[in-house]
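Participant: need a 3D model of the sequence below.
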Amino acid sequence: MGKPLGDFSLTDINSKTVHLSDYAGKAVLNNAWATWYPPCKAEMPDLNAYYQAHQADGFVLLAVNAGDPASDAAAFASQKGLAFPVLLDPNTSLFTSLGVHSFPTSILVGLDGVVKTIHVGMFTSVALEAEVTPYLLK
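Facilitator: Numbers count the residues shown, from 1 in each chain. Below you'll find the model as predicted:
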């Protein structure tokens, strides 16, 4: 925490390349998740609702799928009606390079590009409000 995360690029479920730097000046929650892990699946409705409620506040959520086939991640996103970008990390190389080894884990990059918080475990709506909202545009 307290340092820039550094730029990365991954492909989303629509085969578009997405760079973290595309969201400079916004608060970006990078969420590592997998379709097969119950806590990851359980937090998605709260993440989706928070994302939809706070987009106008400079909030972006990048759901980085850790190792599932692209078709599984896309089917899950469609089934759950996820409104945020779903990126693919097929070999989990991004989060492994960041020292993340458990899912779900979320890394919040603030408006200034610096890591503000790392949340290991499932996010709830209460935790999102407490840990993320203070870093959004006012």
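
Participant: residue contacts, the residue nearest to His19 when sequence neighbours are not counted?
Facilitator: For His19, ignoring the flanking residues on the chain, the nearest one in space by C-beta to C-beta, 6 or more residues apart in numbering is Ser9 at 4.6 Å. Any C-beta I mention is one placed from the backbone N, CA and C, and that applies to glycine too. By C-beta atoms under 8 Å, 6 or more residues apart in numbering, Ser9 lies in contact with 17-20.

Participant: equivalent analysis for Ile13, please.
Facilitator: 70, 73-74, 77, 86-88.

Participant: pLDDT score for it?
Facilitator: pLDDT recorded at Ile13 is 97.

Participant: output the below-cut-off pLDDT ranges for the protein.
Facilitator: With pLDDT under 70 as the threshold, the chain has no low-confidence stretch at all.

Participant: where exactly do the helices run in it?
Facilitator: With DSSP state H as the criterion, the chain has helices at 38-54, 70-80, 93-97, 125-131.

Participant: closest to Lys138 out of these?
Facilitator: Closest of the helices of the chain to Lys138 is helix 38-54, at 11.7 Å (criterion: C-beta to C-beta).

Participant: of the contacts of Ile13, closest to Val114?
Facilitator: Proximity of the contacts of Ile13 to Val114 (C-beta to C-beta) peaks at Leu87, which lies at 20.8 Å.

Participant: burial count for that closest one?
Facilitator: A count of neighbours around Leu87, defined by other C-beta atoms under 10 Å, yields 23.
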